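Participant: I would like to see how this sequence folds:
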Amino acid sequence: MKLWKHSGLLLSFTGVLHIGVALANFGIQYKGMLADGLVSVLSGAERALAFWFLIVGVLLIMLGQCLTAYIRQTGCPAPSFLGYMLLAVSVIGCMVVPVSGFWLFIPQAFIIIRAKAVKKEQD
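Facilitator: Numbering: from 1, shown residues only. Just a heads-up that it's a prediction; the model follows:
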C-alpha cells in the first residue's frame, strides 16, 4: 500500500479533527467572539487559546492540501525533511503536553520519512 501518496490527506484529516475538537471545547468562546464582532476580541487567555486552536486546524488542512497537490503534480513523495520536522514537533509536543493530539503526527512523520525508500522498493 502506498501510504505516502495519502500523507497530505492524513494531515488534512488531522486538521479537520483539530477543528472538531476546537468547536466542541471552545464553542462558548467562539459564540462570544462572534457576538463581540470578531475585531480585537482576544481579551482573555481562554479566547486566545480557542482562536489558536482553531487556526492550527486550518493551517494543518492548508499544509495537507499543499502536500497533496505536490504529490499529485510530481508523483514523488514529500521531501523527507518535512517528515523529520513533523517528527521533531510531535516529540516535543508529546513531552510538553502528553495528553494531546501530538501523538497523531508521529505515524504521519514516519510515513513521510520512509516514503522515498518505499517508493524505490515499489518501482
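Participant: so A50 sits against K31, correct?
Facilitator: No: with contact defined as Cβ atoms under 8 Å, A50 does not reach K31; the gap is 10.3 Å. The C-beta positions use only the backbone N, C-alpha and C, and glycine is treated the same way.
Participant: which elements pack onto the helix or strand of the chain with the lowest mean pLDDT?
Facilitator: Every helix and strand of the chain was ranked by mean pLDDT, DSSP states H and E. The lowest is helix 105-122, at a mean of 83. Contact analysis of helix 105-122 by 3 or more Cβ pairs under 8 Å, 6 or more residues apart in numbering; DSSP states H and E lists helix 7-35, helix 80-96 as its packing neighbours.
Participant: okay, A50 and K31: which has more neighbours?
Facilitator: Neighbours per residue, other Cβ atoms under 10 Å: of A50 and K31, the larger number sits with A50, 22 against 10.
Participant: what secondary structure does the more buried one sit in?
Facilitator: Classification of A50 using DSSP: H, G, I helix; E, B strand; the rest coil returns helix.
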